[in-house]
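**Student:** Quick one: sequence plus predicted model below, questions after.
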Amino acid sequence: MGSDLHTKTLAELGALLNTGECSSVELTRLFLARIDRHGKALNAFVTVTPERALAQAAAADARRALLRKNGEKGSPLLGMPFVHKDIFCTDGVRTTCGSKMLAGFVPPYDATVVERMAQAGMVMLAKTNMDEFAMGSSNETSFFGPVKNPWDLSKVPGGSSGGSAAAVAALLAPMATGTDTGGSIRQPAALTNLTGLKPTYGAVSRHGMIAFASSLDQAGTLTHSAEDAALVLQAIAGFDPRDSTSVERPVPDYHAALARIAKDGIKGLRIGVPPEFFDQGLDRRVAQCVHDALDELSRQGAMVVDVHLPNLAHSVPVYYVVAPAECSSNLARFDGVRFGHRAADPKDLTDLYMRSRGEGFGAEVKRRIMTGTYVLSAGYYDAYYLKAQKVRQLIAEDFRRAFERIDVILGPTTPTPAFGLGEKTDDPVTMYLNDIYTIGANLAGLPAMSLPMGFVDGLPVGMQLIGGHFTEERLLGVAHAYQAATAWHRRAPQAFA
Amino acid sequence: MSLTPEQVRSIAHLARLAITAEDEARYAKSLSSILDFVAALDRADVTGVTPMAHPLADLAQRRRPDLATEPDVRDQAQANAPKVAAGLYLVPKVIE
């Protein structure tokens, strides 16, 4: 087999697996060797599971051989290697969520996403590094140290799914899972030249995904292409009785949706471009890339429509009330009693709680727990939390109104390309502003994607597509149409080629 | 909005987080800057707006039959506990 297998998309690798031109064991060995060679320099992984991966790969090859004997074709994902963000509980494999608190935690069950990908025959290679409890935009809050951006090792890969992004961007795995509470899939995807998909809230089960802010968290994918995102979404989407906010509705055939777009094109598609996405904080070279992308989509027949999201400017302040409030409540479960870190020689129960949590959580997590505790405390609840929930409604209404006139919203994913490691760690508010364009979709529960759209100073930048609730087919279709005409998404960093 | 180190100590206690005196001053500064930042919400007019509790407006909470569906994984679960004996979680003495 050729030596360029690691540069291929899931769709391409799936075709090779199907024809027998390569085996799952072969692919698994290849990516494990690449992880071995490059993983440490990027600090992209918390735990690598080679024995388990090779056993799963051998089982997948056996299953495929049996299918072939019966003249059947397996799923393109059968035997496909990938990596999980270390926020998804994996039965028998340590799951840390990037925290000292869970450094020794071995879940007794699989998250639904983990279970569904295993059922599809996918092969987990490793668990990826991440911001502690998914709280961060640079992957610098991890207990296991910062992750580096494969495009420039002095830059951040984005966060919180930074290890997942670095792994796929450096071609150490063809796909990774991620989670997105305020941009944690889309922002790292943008900063590492990947396709990141955050589905509609409730489309993918949150069961077994360690909770940060339950009304915002959603699982999704980091891949090289929209076609690959569609393949994995097909496997993980759908109702799960174990998640009380999982939505009961049939899962569309995403691949068919892409085929439809490939055939019919996007003529007549109404793209909303809100001026609020082009504020003074946006690097004008990033803005230029967005305009170039719009030109490409217009050439294919899309129409650009003016829409306004007047309340979008409030989205970061709303988020930094709502998310910490939910986090302070969710992280109350870490008490040093049933699982997680426990302080030595506690003198009483309060001392046990306080020191276990004080030692187990890092600085940013503590800051968010305290912010949340404050905004929910007696006397401040109305002024902060209730007010934020009302402004959240205004932001959601802006989107609802916009989608009466347009099909998708298009803008930048981040204001700038990747920033330097350590550059924004001193001031939390500066760091928080990195998510200014991504948070709106989480507050309104909308599906959104980031796609590679060019380079600024040699660093990748991403465009964001946002759609109405449960319009993943359309989002993926538009992304697919764009990627069929452009090659940004096929670029890989030289050092890892 | 400026929090004092004393206020930070009381918030940390509510959140059951042990922090050092040095941390109190640091958190007083960063929490104050976060609260100043979110104070921008004061400028939004929310007269008559219903607070949004869930991103999908028309979704009702599901009911399910009251059945035991999960397998017994107590031993595996307790393998993660810092201190257990005879299937029980051990904590410092609560009642004198």
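**Tutor:** Nice, I can see it.
**Student:** ok, now which ones touch the residue nearest to A:Val106 when sequence neighbours are not counted?
**Tutor:** Nearest non-adjacent residue to A:Val106, counting by CB to CB, 6 or more residues apart in numbering or on different chains: A:Arg94, 5.3 Å away. Glycine gets a C-beta too; all of them are placed from N, C-alpha and C. For A:Arg94, the contacting residues are A:46-47, A:103-106, A:127, by CB atoms under 8 Å, 6 or more residues apart in numbering or on different chains.
**Student:** Show me these that map onto strands.
**Tutor:** A:46-47, A:127 (DSSP state E).
**Student:** hang on, the earlier thing: what does the pLDDT read for the residue nearest to A:Val106?
**Tutor:** A:Arg94 is assigned a predicted lDDT (pLDDT) of 98.
**Student:** got it, and A:Glu72?
**Tutor:** On the pLDDT scale, A:Glu72 gets 89.
**Student:** Equivalent analysis for A:Met1, please.
**Tutor:** 43.
**Student:** The one 4 residues further on too?
**Tutor:** The model reports A:Leu5 with a pLDDT of 97.
**Student:** what are the phi and psi angles of it?
**Tutor:** Dihedral angles of A:Leu5 (phi, psi; degrees, to the nearest 10) stand at phi -60, psi -40.
**Student:** ok, now which ones touch it?
**Tutor:** So A:Leu5 contacts A:13, A:16, A:22, A:27, A:30 (CB under 8 Å, 6+ apart).
**Student:** Distance check, it against A:Met80.
**Tutor:** 12 Å (CB to CB, to the nearest Å).
**Student:** repeat for A:Phe455
**Tutor:** For A:Phe455, the distance to A:Met80 - CB to CB - is 29 Å.
**Student:** Which strand or helix spans the residue nearest to A:Phe339 when sequence neighbours are not counted?
**Tutor:** Spatial nearest neighbour of A:Phe339, excluding adjacent residues (CB to CB, 6+ apart): B:Asn80 at 3.9 Å. Here B:Asn80 sits in a region with no helix or strand, counting by DSSP states H and E.
**Student:** Averaged pLDDT, stretch B:39-49. What do you get?
**Tutor:** Rounded mean pLDDT across stretch B:39-49 is 94.
**Student:** Just the residues contacting that stretch, thanks.
**Tutor:** A:311, A:314, A:317-318, A:321, A:384, A:387-388, A:390-391, A:393-394, B:1.
**Student:** For PyMOL, what selects the buried ones among the contacts of A:Arg94?
**Tutor:** In PyMOL, a selection of the buried entries from those looks like this (16 or more other CB atoms under 10 Å in any protein chain shown):
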select buried, chain A and resi 46+47+103+105+106+127
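**Student:** which stretches of the chain form strands?
**Tutor:** The chain I'm using is chain A. Going by DSSP E, chain A shows strands at A:45-48, A:81-85, A:123-128, A:176-180, A:195-198, A:218-223, A:270-272, A:303-305, A:408-412, A:448-456, A:459-467.
**Student:** My question was about chain B, not that one.
**Tutor:** Counting by DSSP E, chain B has strands at residues B:84-85, B:88-89.
**Student:** what about the first one, near chain A?
**Tutor:** Just to be clear, that refers to strand B:84-85. No: using CB under 8 Å from any CB of the partner chain, we find that strand B:84-85 stays clear of chain A, coming within 9.2 Å at best.
**Student:** Pull the number of nearby residues for B:Pro65.
**Tutor:** 5 (other CB atoms under 10 Å in any protein chain shown).
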